[in-house]
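J.: model this:
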Amino acid sequence: MPDPNRSTEPDKNEKRNGEMRLPPRAFLVWIGIIATVAIVAFARNTAETPPDELASFPDLLNKLTNNLIVPNTGRVISGQQSDYIQRITGKYYVKDHDGNYAKDHDGKKTETSFKLETHLTEKMANELEYSGQFKSATNSNLMMNFFLNTIFPFLFIVGLLYFFIFRQIKMAGKGAMSFGKSRARMLNKDKNKITFKDVAGVEEAKEEVSELVEFLKDPKKFQKLGGRIPKGILMVGAPGTGKTLLAKAIAGEADASFFSISGSDFVEMFVGVGASRVRDMFEQARKNTPCLIFIDEIDAVGRSRGHGWGGGNDEREQTLNALLVEMDGFDTQDGIIIIAATNRPDVLDPALLRPGRFDRQIIVSLPDVRGREAILKVHARNVKLDPSANLAVIARGTPGYSGADLANLLNEAALLAARLGKKSIGMSELEEARIKVRMGRERRSMAMSEDNKKVTAWHEAGHALMNVLLEHTDTLHKVTIIPRGQSLGSTMSLPDEDVLSYRRKEMLDYIAMVLAGRIAEEIFSGDISSGASMDIQQATKVAHAMVCQWGMSERLGMVQYGNDSENVHMGREMGQRREYSESTAQEIDSEVKRIINEAYARSKSLIEQHRDKLEIIANALLEYETLDGSQVTDIVKTGNFTPPPPDPKVEPPSGAVAVTPLPEVPKPQPPKLPGFGTPAPAPV
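T.: Here you go, the predicted structure:
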């Protein structure tokens, strides 16, 4: 857990997750140094021609006698590896095979370096000195040469190994020591500007969590009456309902430290690491009391023990054990409050939900129509709406949308208005964005044959017709044969109010409406296609739920068969016998089939009675591609189709009338050519 007094700006030179990250600038500097040393060494070796090593002193004496030694280049160097050995260096002129001096391109005599290491007697030394071509010298850089030629390359290689290998191993060791440290991040209040004013549609949940803020500001208000704030609060809700946003609002309102961490940050492949991180997180929390700890997606670490694959010693269960101990081990007066969020409370361990740990659950449900309107108004602060845009209408047309869906709706509407070059967002953009968020974008570029388009039109016409004819269905909103997402056509209906429960008659009418598409296809083409696969899946799912979960079958009664809330991957159905017999399973299958067959027969009968209206709807879809619900309703009730008004045609602007009218200029007549008739007009 980071130190609250430490700067929140990331340090580019510090290690991340136990791994040393070398700054790119330092890495490039080291590469430049190594490359420079290599280039200099290579250039030195290639630039210097190795001297010619003479065979013996008489050979040198021969060159001296023949005046081949270049003046002022000879040296007799003492102080080499032994006092008895001297090095003789210098240059001499080169002769060719004819005995003449060899010359270079500039006409100068060619010179070649030479060296000779030998023991000089006093006589030999005098001969060289008296010749005037050699001078005595002492090698004062013996140790330096030895260091540069022998020790320095070794030290250079060792330094490279230390920097690139041993230092990395050392830093990895430090990272291993911090491997069990908590990854919880302290939220900076300067960056978090979210408050309760930015949260809408979950008023009851907001009231419950506001108690936490009041407790942190004035704990004596609750303690003087003997009350205590819950140690842990679990926020439960569908994805996108605003659980994390509510936690950020708590952090923005509370005058206390706020740490956030994800449930997956605890789990590692090494057993004991997650438990160590849990202990470190609570240890740091005690140093910053009062504080709040928010654990997002706690089901990643809080799943029930003893279920699924793996034994009781795996990493996840050890982490959960440490979390249970820490939550039940600290005193309430410490001022540490745990807030967790999940959308799968059914998979959490019962010990985690007992009083004393997560002893309060806050349900963050999907917003109702008033909540959706409030959410739209909150997100509309950041966009420019047209005065004609009515958010209340959009709220009524978005049942089942979460807060994240509504935010995405406004964003898509803003992007659409920007693509069209508009200065504000109107109702047309909001309506298109509403459909796009739920069903996908129009695929007008999709190549469809006329036959497929006709089959799709009759299919959707069947859905639309039954939607209007049946009594217990939602109001038809729109039907289209324009492909969206994975569907070739869509029939959209909207409930008059938020759906809180389902009735038997509504479910039977829904199944009949869903099967009407297949029936209309068969009536039109005399054949069936795979386009009704999703309809069949939905009808089977609803019929099975009516029989096994909702007790809507008179034959099987109000008995629940099976438990669909348990997942096989959790292991709770592994090795368990089925809760009903084989004969009961056969009765369930036959009852599901009976419900679907009766709905199919009822839907087919109604479609055959109103086939003329079905044909009008299908032909209108083929011509206009999209029909409103009111237009389909008029067709069903009156048998007449009212086409939509044509798009207004804007005439091109005309100039002002001239003050002084000009005489009309006569147009020139084309000449008549003999024998050819009237010439063709010139192309425009």
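
J.: quick one: contacts for the residue located most distally from the centre of the chain?
T.: What lies farthest from the middle of the chain is residue 123; by C-alpha atoms, centre = their mean that is 89.2 Å. Not one residue lies near residue 123 by C-beta atoms under 8 Å, 6 or more residues apart in numbering. Where C-beta positions appear, they are placed from N, C-alpha and C, glycine not excepted.

J.: Quick check: buried residues in the helix or strand it falls within?
T.: Assigned by DSSP states H and E, residue 123 belongs to helix 122-131. Across helix 122-131, burial judged by 16 or more other C-beta atoms under 10 Å covers 124, 127, 128.

J.: Give me the buried positions along stretch 424-432.
T.: By 16+ other C-beta under 10 Å, the buried positions in stretch 424-432 come out as 425, 426, 427, 428, 429, 430, 432.

J.: do the same with stretch 196-209
T.: 196, 198, 199, 200, 201, 202, 205, 206, 208, 209.

J.: Check the separation of the first and last residues in it.
T.: One end of stretch 196-209 sits 10 Å from the other (C-alpha to C-alpha, to the nearest Å).

J.: now stretch 226-233
T.: One end of stretch 226-233 sits 20 Å from the other (C-alpha to C-alpha).

J.: what's in contact with that stretch?
T.: Residues outside stretch 226-233 that contact it (C-beta under 8 Å, 6+ apart) are 208-209, 211-212, 215, 219, 222, 327, 332, 336-340, 356-362.

J.: in that stretch, what counts as buried?
T.: Neighbour counts over stretch 226-233 (16+ other C-beta under 10 Å) mark 229, 230, 231, 232, 233 as buried.

J.: hey, which helix is longest across this protein?
T.: Of all the segments of type helix in the chain, defined by DSSP state H, the longest one is helix 582-609.

J.: re earlier: can you redo the buried residues of stretch 196-209 as a markdown table with secondary structure?
T.: Formatted as a markdown table, these follow (DSSP: H, G, I helix; E, B strand; the rest coil):
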| residue | secondary structure |
| --- | --- |
| 196 | helix |
| 198 | helix |
| 199 | coil |
| 200 | coil |
| 201 | coil |
| 202 | coil |
| 205 | helix |
| 206 | helix |
| 208 | helix |
| 209 | helix |
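
J.: Tell me the one of those residues nearest residue 617?
T.: Closest approach between the buried residues of stretch 196-209 and residue 617, by C-beta to C-beta: residue 201, at 37.2 Å.

J.: I'd assumed residue 242 was in contact with that closest one.
T.: Yes. With contact defined as C-beta atoms under 8 Å, residue 201 counts as touching residue 242 (7.2 Å).

J.: what do those two both touch?
T.: With C-beta under 8 Å, 6+ apart, residue 201 and residue 242 have common neighbours residue 403.

J.: Could you list the low-pLDDT ranges of the stretch 101-250 of the chain?
T.: Counting by pLDDT under 70, the stretch 101-250 of the chain has low-confidence residues at 137-150, 160-192.

J.: can you do 50?
T.: Residue ranges of the stretch 101-250 of the chain with pLDDT under 50: 172-177, 179.

J.: Show me the strands in it, by range?
T.: Remark: strands assigned in the stretch 101-250 of the chain by DSSP state E, counting those that start in this stretch are 111-118, 134-138, 185-186, 232-236.

J.: now those as a markdown table including distance to residue 264?
T.: Shown next, in a markdown table, are the strands of the stretch 101-250 of the chain (distance: least, C-beta to C-beta, whole Å):
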| stretch | distance to residue 264 |
| --- | --- |
| strand 111-118 | 71 |
| strand 134-138 | 74 |
| strand 185-186 | 14 |
| strand 232-236 | 17 |
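
J.: Of all these, which one is nearest residue 87?
T.: strand 111-118 (5.1 Å).

J.: In this protein, where is pLDDT below threshold?
T.: Judged by pLDDT under 50, the stretches of the chain that qualify are 1-22, 47, 172-177, 179, 309-313, 332, 565-575, 648-684.

J.: Domain map for it?
T.: If you go by automatic domain parsing, the domain ranges for the chain are 49-140, 185-363, 371-439, 450-566+582-638.

J.: I'd like the ones you listed written out as JSON lines, with distance to residue 155 added.
T.: Compiled in JSON lines, the domains of the chain are given as follows (distance: least, C-beta to C-beta, whole Å):
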{"stretch": "domain 49-140", "distance to residue 155": "22"}
{"stretch": "domain 185-363", "distance to residue 155": "39"}
{"stretch": "domain 371-439", "distance to residue 155": "61"}
{"stretch": "domain 450-566+582-638", "distance to residue 155": "68"}
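
J.: Which stretches in the chain count as strands?
T.: 52-53, 74-78, 86-93, 111-118, 134-138, 185-186, 232-236, 257-262, 291-296, 336-342, 358-363, 475-480, 490-494, 626-628 (DSSP state E).

J.: Let me have the ones you listed in CSV, adding distance to residue 443 as columns.
T.: Below are those laid out as CSV (distance: least, C-beta to C-beta, whole Å):
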stretch, distance to residue 443
strand 52-53, 84
strand 74-78, 89
strand 86-93, 86
strand 111-118, 82
strand 134-138, 91
strand 185-186, 42
strand 232-236, 37
strand 257-262, 37
strand 291-296, 36
strand 336-342, 36
strand 358-363, 38
strand 475-480, 12
strand 490-494, 12
strand 626-628, 14
